[in-house]
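Peer 1: need a 3D model of the sequence below.
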Amino acid sequence: MNRMGLKRIRYLIFVVAVGFLLTNCAASKEVKAPPKDYVYPLAEINLEKVFVENRGLRVLEENASTVDDYYRGGVQEKEEGEKRVKESGWEEARLQLEKSNRYFRVVLKYLPEDEASRNVYGEQMIIFLPNLLIADNDLKLLTVYKNLKNEGKAAEAKAEGQHYLAESLKSVKTE
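Peer 2: Have a look, this model is predicted:
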């Protein structure tokens, strides 16, 4: 066998060995999905974690262009709305929670199911629960509308919240 043929064989063996090692490394990093009926504890999935994961540059409705932008914007508006509820700023809370729901409805057009852990890019995982967050917003809006003496809207928020809660529980079981 000539020198050129020997180099090619060595190179081929090297490529196969590296490919085998990389495949094994990738397989060992693979995260196993929990069973379908797994109930996620509050320690794994909670609202504060969702807020922390989505802090950063403020997403404006006119600048949102991807599903991730709309989800992040919805979470940011929800966080602001919750602050207003705690301060009893009912009208401001209403505006922010309704805006949050608008963002989440855009997300649900493209990704209708909640996921306990969604890969957004690279290895970055986020808690992705648009249905559950809308249901929670509606629960807060129920309080807001009652304080604003708008019983009709309160009834709508309750019905809508129940619908989105049921949708969330179809894909992710939470405590």
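
Peer 1: now do the strands in this structure.
Peer 2: Assigned by DSSP state E, the strands in the chain fall at 39-40, 115-121, 124-128, 173-174.

Peer 1: to Leu165, which of those strands lies closest?
Peer 2: strand 173-174 (9.9 Å; Cβ to Cβ). No exception for glycine: its C-beta is placed from N, CA and C like everyone else's.

Peer 1: so which of the strands of the chain is the most packed in?
Peer 2: Comparing these on average neighbours per residue, with mean count of other Cβ atoms under 10 Å, the densest one is strand 124-128 at a mean of 18.

Peer 1: distance of Leu47 from Asn131?
Peer 2: 14 Å (Cβ to Cβ, to the nearest Å).

Peer 1: identify the residue spatially nearest to the residue most central in space within the chain, adjacent ones excluded.
Peer 2: What sits nearest the mean C-alpha location of the chain, by Cα atoms, centre = their mean, is Phe128, with 1.8 Å. Nearest non-adjacent residue to Phe128, counting by Cβ to Cβ, 6 or more residues apart in numbering: Arg118, 3.7 Å away.

Peer 1: show the contacting residues for the one you found.
Peer 2: Applying Cβ atoms under 8 Å, 6 or more residues apart in numbering, we find Arg118 in contact with Met125, Ile126, Ile127, Phe128.

Peer 1: rewinding a little: Leu47 and Asn131: who's more crowded?
Peer 2: Neighbours were counted for Leu47 and for Asn131 using other Cβ atoms under 10 Å; Asn131 has more, 24 against 17.

Peer 1: quick one: pLDDT of the residue nearest to Gln96 when sequence neighbours are not counted?
Peer 2: Take Gln96 and drop its neighbours on the chain: the residue closest to it by Cβ to Cβ, 6+ apart is Gly81, 3.5 Å away. We have a pLDDT of 97 for Gly81.

Peer 1: how close does Gly81 sit to Leu95?
Peer 2: 8 Å.

Peer 1: between those two, tell me which one has more neighbours.
Peer 2: Per other Cβ under 10 Å, whichever of Gly81 and Leu95 has more neighbours is Gly81, with 25 against 16.

Peer 1: where are the low-confidence patches of the protein?
Peer 2: 1-33 (pLDDT under 70).
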